[in-house]
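> Compute the structure for the input listed below.
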Amino acid sequence: MKYTRLRQAIAEAEKQHGLHELDHVMRELLHDIAEACMNNERLRVTHLARDSAHGTFPTLNARLKKLVEGGWIERKGDANDRRSVILEVTPKTIEAFTMISSALDTQ
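Residues are numbered from 1 along each chain as shown. From the prediction side, this is the model:
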């Protein structure tokens, strides 16, 4: 079945690039941040906090901190609002997602 092969390819590619070390919610956060960057949207921490699936605000911040420490995302100040923090993916994330996409193209 193609679905099973795709899931296996995703799991193998995630393991190869270290994404398997992230919990499910952290992977979803990374996906949301990458999608916003891809759409040239400025994603703020407060936007993510609106979705209860990401956990409480302290839990969300702890997960974002781990993504920053792992080199997956960057927190940047907003020049227009000093209280606001913009989230962006790093080249490491872009490279991993590109490689995973390439692996899926072969399935």
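
> Can you say which helix or strand has residue 87 in it?
According to DSSP states H and E, residue 87 maps onto strand 81-89.

> What is that strand packed up against?
Here strand 81-89 touches helix 24-38, strand 43-44, helix 45-49, strand 73-78, going by 3 or more C-beta pairs under 8 Å, 6 or more residues apart in numbering; DSSP states H and E. In this view, the C-beta of every residue, glycine as well, is placed from N, C-alpha and C.

> Tell me the strands beside the shortest one, with direction?
What it means is strand 43-44. Using DSSP bridges, strand 43-44 pairs in its sheet with strand 81-89 (antiparallel).

> Now the helix or strand hosting residue 16: buried residues?
Using DSSP H and E, residue 16 sits within helix 2-17. By neighbour count with 16 or more other C-beta atoms under 10 Å, helix 2-17 contains the buried residues 9, 13, 14, 17.

> Now do the contacts for residue 16.
residue 99 (C-beta atoms under 8 Å, 6 or more residues apart in numbering).

> wait, residue 71 sits on residue 90?
Yes - using C-beta atoms under 8 Å, residue 71 and residue 90 qualify as a contacting pair, with a distance of 5.8 Å.
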